[in-house]
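Visitor: next come a sequence and a model predicted from it.
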Amino acid sequence: MSVLLIAGSPSERSRSAALLEAVSLRLALRGATVERLHIRDLSPQSLLLGDTAHRTIAAAIAQVARARAIVVATPVYKAAYSGVLKVFLDLLPQTALKNKTVLPIATGGSPHHMLALDYALRPVLQSLSARHILPGVYATDSQVTLMPEGPYHVGAEISARLDEAVATLVAEGLRMPALTGFESVPFAHVRCSV
């Protein structure tokens with residue numbers, strides 16, 4: 001039941017990392033095992049040269065292979081996901097996401113870049129054979145604000161969307177029962193009248 005959280009920001013502290021941390025907390029409450037992969041920590045030279053034998057790159061590819069579900073978080077720059085994320089995704093085998101559920105998350109300066117999730121990132125995830133790509137969560141700078149004491153604050157609207165996204169990820173990606181809702185009913189017990 002492991003979920004890999006991939007941080008695609010070149011910055012150590014970022015809004016997309018704050019969203020990833022919020023997802024991590026929600027997954028922990030549901031009993032999921034969480035692993036983290038910060039692309040900025042991988043060997044830059046090996047990333048750019050496509051050296052998949054380098055120990056940091058090989059370890060990162062192995063993390064992707066082990067995970068049952070993946071959450072990818074990225075800032076949006078110029079209507080596309082980050083370059084460091086692109087370089088890493090290019091190094092993955094063609095079927096790296098086979099049988100995995102993926103939740104894409106992005107942050108951007110304005111709502112104008114919201115479709116970057118669907119038009120830039122989703123096709124790449126699809127090309128890597130993802131079994132199921134969940135509806136993404138996009139937040140603007142005003143929805144993930146830097147607090148005076150240092151950490152980022154995730155606004156109520158995005159927090160609610162993350163709750164829903166994590167519940168879907170757990171139910172569909174990890175095949176874990178939902179924490180709330182109705183018990184499933186076998187089809188043989190369904191009765192309807194017209």
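Guide: That came through, no problem.

Visitor: where along this protein do the strands fall?
Guide: With DSSP state E as the criterion, the chain has strands at 2-7, 33-38, 69-77, 80-81, 101-108, 132-133, 137-140, 144-146, 152-154.

Visitor: buried residues in the third one?
Guide: Residues of strand 69-77 classed as buried by neighbour count (16 or more other Cβ atoms under 10 Å): A69, I70, V71, V72, A73, T74, P75, V76. Placement of C-beta: from N, CA and C, glycine included.

Visitor: ok, the last one - contacts?
Guide: By that I understand V76. Shown in contact with V76 (Cβ atoms under 8 Å, 6 or more residues apart in numbering): A106, T107, G108, G109, H113, A116, Y138.

Visitor: try the first one
Guide: Taking Cβ under 8 Å, 6+ apart as the contact definition, A69 lies against S2, V3, L4, K100, T101, V102, L103, L169, G173, L174.

Visitor: let me have those residues in CSV, extended by neighbour count and distance to Q143.
Guide: Putting these into CSV (neighbours: other Cβ atoms under 10 Å; distance: Cβ to Cβ, whole Å) gives the following:
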residue, neighbour count, distance to Q143
S2, 15, 28
V3, 27, 23
L4, 22, 24
K100, 23, 27
T101, 24, 24
V102, 25, 22
L103, 25, 17
L169, 25, 20
G173, 24, 24
L174, 19, 27
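
Visitor: can you tell me which of these is closest to H153?
Guide: L103 (21.2 Å; Cβ to Cβ).

Visitor: ok, the closest one - contacts?
Guide: Residues near L103 by Cβ under 8 Å, 6+ apart: 23, 69-72, 134, 136-137, 165-166, 168-169, 173.

Visitor: could these go into a markdown table alongside distance to A62 and pLDDT?
Guide: Formatted as a markdown table, the contacts of L103 follow (distance: Cβ to Cβ, whole Å; pLDDT from 0 to 100):
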| residue | distance to A62 | pLDDT |
| --- | --- | --- |
| V23 | 22 | 96 |
| A69 | 16 | 95 |
| I70 | 13 | 97 |
| V71 | 18 | 97 |
| V72 | 17 | 97 |
| L134 | 24 | 95 |
| G136 | 26 | 94 |
| V137 | 27 | 95 |
| A165 | 26 | 95 |
| V166 | 24 | 95 |
| T168 | 26 | 93 |
| L169 | 21 | 94 |
| G173 | 19 | 81 |
